[in-house]
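[1] Fold the following for me, if possible:
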Amino acid sequence: MPSFNIGLTGLNAASSDLQVTGHNIANSSTAGFKRSRAEFADVFALSYTGVSKTATGSGVNLASVTQQFTQGDLNFTDNNLDLAINGQGFFILDRGGITEYTRAGQFQVDREGFMVNAAGQRLMGYPPDGGNLLQPIRLTTGDAAPRPTTTIDALMNLSSEADPLGGVQHVNLRGEVTPQELLNVLTVPGGLNDIDDITIALNAAGEVEIQNNTGQELRFGSPSNVVVPGDGTATPLDASVLQPGQRLTWNFDGDLGTGRTSELPATVTANYLEAAISGLIPGVTAVAQADGSINVTNNTSNPVTINFPGGEFSLGTSDSGSITAADIDDMEPGQFITLTSAGEVQAIDPQDPDTFNYSTSLTVYDSLGSARTVSLFVQRQPPPEEKTWDVAAYMDIGGEQVKVGESKLAFKNDGTLDKTATQPLVLSASGLPNGAADLNIEVDFGQTTQYGNKFSVAALRQDGYAAGQLVSVDVDTDGTVFARYSNGANRPLGQVALANFDNPQGLQPVGGTNWVVSSSSGEPLLGRGGESNFGLIQGGAYEAANVNIADQLVKLITAQRNFQANAQVISTADTLTQTIINIR
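    Have a look, this model is predicted:
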């Protein structure tokens with residue numbers, strides 16, 4: 001009876017469905033595995049006239065087993081060489097000239113340095129120097145070659161208030177508060193002197209002296225901080241601790257209230273000039289005289305010229321000269337006294353911190369990767385309004401500080417670098433003791449400024465590095481394989497190639513989670529991660545199987561029921577056959 005054959009086809013179909021489902025479940029933990037689906041078709045007997053309207057069909061057959069190329073989950077690992085494609089595409093594998101394709105990205109390195117899978121098939125990619133010729137990706141594990149320094153970017157701020165250290169020095173005459181000026185401020189009408197029982201005068205020592213007979217303590221605020229008792233004890237006020245432009249405050253501890261002086265005026269005196277001039281140029285001293293003049297002595301080996309409001313004079317070695325009391329009386333705060341030395345008394349000397357304002361250092365590298373320390377010294381050059389600085393560069397060569405370059409920096413009125421007036425700085429070092437090639441390093445001060453009152457170094461960047469050992473191998477999202485070295489260098493070793501197909505379901509599975517090209521799939525389209533319709537490559541991860549266990553178990557139950565139902569068809573046909581045989 002036909003029912004036997006129909007039931008048999010059903011049993012075969014259910015058995016095939018069970019096999020496909022079992023295969024999916026068995027590979028649920030296989031990296032890159034794509035689940036399959038059994039597809040069935042009904043069967044009808046055909047004649048030259050076609051299918052009869054009364055044809056009941058001849059059962060079912062297995063039409064196809066198709067793989068479902070949906071995206072699987074990404075499982076992250078500790079192996080940087082594990083790769084996953086997030087999107088479309090296949091890895092390209094080669095062994096012995098046979099090309100296969102896979103989504104399984106669990107790779108390792110063989111003894112020859114090639115990236116291979118567990119079957120020893122090599123991962124194909126593009127060469128590190130570009131081009132489209134596929135070749136196996138090979139990891140070179142040797143040291144990274146050193147790179148000599150060729151440029152330095154210096155981003156600094158030089159204080160606009162730094163003292164010049166060159167052969168010309170300026171004294172900005174701020175002046176000082178004299179006892180007489182302090183007395184004048186305290187005794188103005190309506191001031192402290194108008195309070196009953198307060199007496200203010202200059203004593204025999206030329207100091208301002210206050211007698212307070214009010215019975216209340218009189219306290220002066222900062223910077224004087226003097227307390228005058230209320231019992232009439234004479235108490236001096238020291239004018240030397242006061243600065244021009246300050247206001248002196250006072251208050252009583254009773255009901256006499258508080259008060260404040262006007263701004264303290266300034267006067268240029270011989271004592272003030274003594275402190276301001278002495279030591280400005282090492283070896284030049286100034287001493288105030290009893291008659292109000294000041295005597296200046298040149299103890300240097302170079303002539304010194306002193307220019308002041310009202311005149312000038314020159315001093316030879318060991319010579320002395322004077323600025324008279326009358327000339328000092330004519331000086332006003334805000335004017336300048338200029339001292340000019342004919343010699344290079346302030347040339348930058350790395351061993352003498354008095355010859356430079358600031359210094360900083362960084363490490364550079366020669367062609368053999370040896371580290372060398374470069375120190376930059378800067379010296380403010382007068383006059384202040386020109387905003388110029390001398391720069392000297394020294395390099396540690398053979399344990400000695402060797403001068404390798406010098407230049408001059410100039411700044412605009414807004415504190416930015418005047419690039420037209422600034423001299424370029426090139427560091428040149430030859431005859432290095434280790435046999436390295438000569439160094440020629442360009443220093444770029446383009447972002448250096450002259451602001452405020454603080455020196456700071458924001459960045460000193462150089463482009464060289466020493467030899468480095470391999471630290472890790474990483475893969476970028478476009479498939480570029482980088483070797484990272486201990487010196488911070490990165491070297492591309494190749495780029496993973498991807499392939500795609502017009503009909504991925506037409507690929508022929510060959511086991512090992514690999515596929516080969518078939519007539520149904522079409523020829524491979526090659527590319528790189530992130531290009532066109534290719535997915536991105538995730539390093540340190542692999543794609544898991546796209547099998548849903550719960551879904552497969554449901555299908556397993558369904559296939560089992562189908563098998564039982566078709567077995568029942570055969571059993572029923574057998575019963576009918578026995579009935580016919582038993583007819584007598």
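
[2] neighbours around Glu523, how many?
    For Glu523, the tally of surrounding residues (other Cβ atoms under 10 Å) stands at 10. To be clear about C-beta, it is placed using only N, CA and C from the backbone, and glycine gets the same treatment.

[3] ends of stretch 25-34, how far apart?
    Taking Cα to Cα, to the nearest Å, the first and last residues of stretch 25-34 lie 11 Å apart.

[4] Model confidence score at Thr373, please.
    Here, the pLDDT recorded for Thr373 equals 95.

[5] what kind of secondary structure is it in?
    Secondary structure of Thr373, reduced to three states by DSSP: H, G, I helix; E, B strand; the rest coil: strand.

[6] Over to Asp551: give its phi and psi.
    The phi/psi pair for Asp551 (degrees, to the nearest 10) reads phi -60, psi -40.

[7] Can you get me a residue count around it?
    Residues near Asp551, counting by other Cβ under 10 Å, number 12.

[8] Check it and give its pLDDT.
    Reported pLDDT at Asp551 in the predicted model: 88.

[9] Am I right that Gly7 is in a helix?
    Yes: when the secondary structure is assigned by three-state DSSP, Gly7 falls within a helix.

[10] quick one: it from Asn302, how far?
    122 Å (Cβ to Cβ, to the nearest Å).

[11] ok, these two, which is more surrounded?
    Gly7 (22 against 17).

[12] how near is the more buried one to Asn562?
    With distances taken as Cβ to Cβ, Gly7 is found 11 Å from Asn562.

[13] same deal with Asp444?
    79 Å.

[14] what do you get for Ile570?
    From Ile570 over to Asn562 (counting by Cβ to Cβ), the distance is 13 Å.

[15] again with Ala38
    Spatial separation of Ala38 from Asn562 under the definition Cβ to Cβ is 11 Å.

[16] The residue nearest to Gly105 when sequence neighbours are not counted and Gln106, how far apart?
    For Gly105, the nearest residue in space outside its immediate sequence neighbours is Leu83; the separation is 3.6 Å by Cβ to Cβ, 6 or more residues apart in numbering. Distance of Leu83 to Gln106, computed by Cβ to Cβ: 8 Å.

[17] higher neighbour count, these two?
    Set Leu83 next to Gln106 and count neighbours by other Cβ under 10 Å: Leu83 wins out with 26 against 19.

[18] How about the contacts made by that one?
    Neighbouring residues of Leu83 by Cβ atoms under 8 Å, 6 or more residues apart in numbering: Phe91, Gly105, Phe107, Val475, Val496, Ile537, Gln538, Gly539, Ala541, Tyr542.

[19] Identify all contacting residues around whichever strand or helix holds the last one.
    Counting by DSSP states H and E, the element that carries Tyr542 is strand 541-543. Defining contact as Cβ under 8 Å, 6+ apart, one finds that strand 541-543 is touched by 31-32, 71-77, 82-85, 103-106.

[20] bridging residues for the residue nearest to Gly105?
    The bridge-partner assignment for Leu83, based on DSSP bridges, gives Gly539.

[21] How about Gly468?
    Per DSSP bridges, the residues bridged to Gly468 are Ala144.

[22] Next one: it from Lys412, what distance?
    Using Cβ to Cβ, one obtains 42 Å as the distance from Gly468 to Lys412.

[23] Compare these two and say which is more crowded by neighbours.
    Neighbours of Gly468 and Lys412, each counted by other Cβ under 10 Å, are more numerous for Gly468; the result is 20 against 14.

[24] what sits against that one?
    By Cβ under 8 Å, 6+ apart, Gly468 lies in contact with Asp143, Ala144, Tyr485, Ser486, Asn487, Gly488, Ala489.

[25] Which one of the residues you listed is nearest to Ser293?
    Gly488 (65.3 Å; Cβ to Cβ).

[26] Now do the SS call for the closest one.
    Looking at Gly488 with three-state DSSP, the answer is coil.

[27] So it sits against Gly464, correct?
    No: if you go by Cβ atoms under 8 Å, Gly488 and Gly464 don't touch, sitting 10.6 Å apart.

[28] between these two, which one's more packed in?
    When Gly488 and Gly464 are compared on other Cβ under 10 Å, the one with more neighbours turns out to be Gly464, at 22 against 11.

[29] Just the pLDDT for the more buried one.
    In this prediction Gly464 is given a pLDDT of 92.

[30] ditto for Thr579
    What the model reports as pLDDT for Thr579 is 75.

[31] Please apply the same query to Ala573.
    As summarised for this prediction, Ala573 has a pLDDT of 70.

[32] what bridges to the residue nearest the centre of the chain?
    When Cα atoms, centre = their mean is applied to the chain, the residue found nearest the centroid is Ala459 (10.0 Å). The partner list for Ala459 in beta bridges (DSSP bridges) reads Leu155.

[33] Repeat that for Ser341.
    On the basis of DSSP bridges, Ser341 takes part in beta bridges with Val304.

[34] Run a quick neighbour tally on it.
    Here the number of neighbours of Ser341 (other Cβ under 10 Å) works out to 22.

[35] correct me, but it touches Thr300?
    Yes: judged on Cβ under 8 Å, Ser341 makes contact with Thr300 at a distance of 6.6 Å.

[36] residues shared between the contacts of these two?
    In terms of Cβ under 8 Å, 6+ apart, Ser341 and Thr300 are both contacted by the residues Ile281, Val284.

[37] Okay, strands next: where are they in the stretch 51-200 of the chain?
    Taking DSSP state E, counting those that start in this stretch, the strands of the stretch 51-200 of the chain run over residues 59-67, 74-76, 83-86, 90-95, 98-102, 108-109, 115-116, 122-126, 135-136, 151-157, 168-172, 198-202.

[38] between these, which gets nearest to Ser318?
    For Ser318, the closest of the strands of the stretch 51-200 of the chain is strand 168-172, at 19.6 Å, according to Cβ to Cβ.

[39] which intervals of the stretch 251-400 of the chain have sub-threshold pLDDT?
    Along the stretch 251-400 of the chain, segments meeting pLDDT under 70 span 342-346, 382-386.

[40] redo that, cut-off 90
    Scanning the stretch 251-400 of the chain for pLDDT under 90 picks out 251-285, 288, 290, 292, 298-318, 325-349, 351-356, 379-388, 398-400.

[41] Same question for the stretch 101-250 of the chain.
    Counting by pLDDT under 90, the ranges of the stretch 101-250 of the chain that qualify are 112-113, 128-132, 139-145, 160-197, 204-206, 214, 218-226, 237-250.

[42] Now do the buried residues in stretch 404-419.
    When burial is assessed from 16 or more other Cβ atoms under 10 Å, stretch 404-419 yields the following buried residues: Val404, Gly405, Glu406, Ser407, Leu409, Ala410, Phe411, Leu417.

[43] What residues does the fifth one make contact with?
    When you say that, I think you mean Leu409. With Cβ under 8 Å, 6+ apart as the criterion, the residues that contact Leu409 are Leu158, Val378, Thr388, Trp389, Val391, Leu417, Thr422, Gln423, Phe445, Thr448.

[44] Now do Ile583 against Leu576, distance only.
    Using Cβ to Cβ, one gets 12 Å for the distance from Ile583 to Leu576.
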